[in-house]
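# Just the structure for this:
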Amino acid sequence: MNLSFLENIKRESFKEAATKLMNFYGIIKNDSRDNSDSIYRFAEIEFYLYDANEQDKDISTYMRDCSCVEWFFHASGVDIAFQTIKDNNELMRFGGILIRSIEIYKQDDRQQWQQIGIIGGPKLSMYEIFNHCTAMPDITTLPESFNKNRNIINNARIGIHDDLKQRFVFNDVQWDMKTERIVKKRFRK
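As a prediction, the model looks like this:
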């Protein structure tokens, strides 16, 4: 798998990177609940990049020391990390792509990939991807049967008060699709 477009990424190439990631890649895991593979397609992602050369540009990025395309877990969810650049021990550049929402795909009886649900929200998406897996989920190229020409809308990030339009979402997501949640709400009596 070639994710070289995420190496040394520049802010001006976020839309191109989002288009490639969302249209051609997903996350695959073996689900222990039914011992079958699940593919999670990125439905909504946000880019975060701190650069010491533009310190006031993106101050909402969690500090990290990561390799490119490494999982980075934090209080808001999980990122696909960018390569951290350091000068001695000082972090100069770091960031990643927050997975905000995912579409869930499973194979039917004819071995065709079918969408079975959608998860909205970064924490619920993280729980769905990383719970009930028999090995660490990995980024994979989407099978040929997937639509690879979906249109992406570019918006401001959610809950971040800046002028950076670094949130990307498919314009045709079926947000009202009924999905069985793996994280149930708890109610007190």
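
# And the residue nearest the centre of this structure?
Residue closest to the average C-alpha location in the chain (C-alpha atoms, centre = their mean): Ile99, at 2.7 Å.

# my guess is Ser125 is in a strand, correct?
No: according to DSSP: H, G, I helix; E, B strand; the rest coil, Ser125 belongs to no strand; its state is helix.

# Next, count neighbours for Lys178.
8 (other C-beta atoms under 10 Å). Every residue, glycine included, has its C-beta placed from N, CA and C.

# contacting residues for it?
Residues counted as contacts of Lys178 (C-beta atoms under 8 Å, 6 or more residues apart in numbering) are Gly117.

# What's the per-residue pLDDT of it here?
pLDDT for Lys178: 83.

# My guess is the residue nearest to the centre of the chain contacts Tyr127. True?
No: under the criterion of C-beta atoms under 8 Å, Ile99 is not in contact with Tyr127, lying 11.3 Å apart.

# and the residue nearest to Asn151 when sequence neighbours are not counted, what does it touch?
Leaving aside its sequence neighbours, Asn151 sits nearest to Asn171 (C-beta to C-beta, 6 or more residues apart in numbering; 4.8 Å). Asn171 makes contact with 150-153, according to C-beta under 8 Å, 6+ apart.

# Have a look at this protein and report its longest strand.
Identified as the longest strand of the chain according to DSSP state E is strand 90-107.

# strands paired with that strand, and their directions?
Here strand 90-107 has these sheet partners by DSSP bridges: strand 36-51 (antiparallel), strand 77-81 (antiparallel), strand 85-87 (antiparallel), strand 113-120 (antiparallel).

# okay if I get the ones you listed as TSV plus mean neighbour count, mean pLDDT and distance to Asn131?
Formatted as TSV, these follow (neighbours: other C-beta atoms under 10 Å; pLDDT from 0 to 100; distance: least, C-beta to C-beta, whole Å):
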stretch	mean neighbour count	mean pLDDT	distance to Asn131
strand 36-51	22	96	11
strand 77-81	22	97	12
strand 85-87	11	95	33
strand 113-120	17	94	11
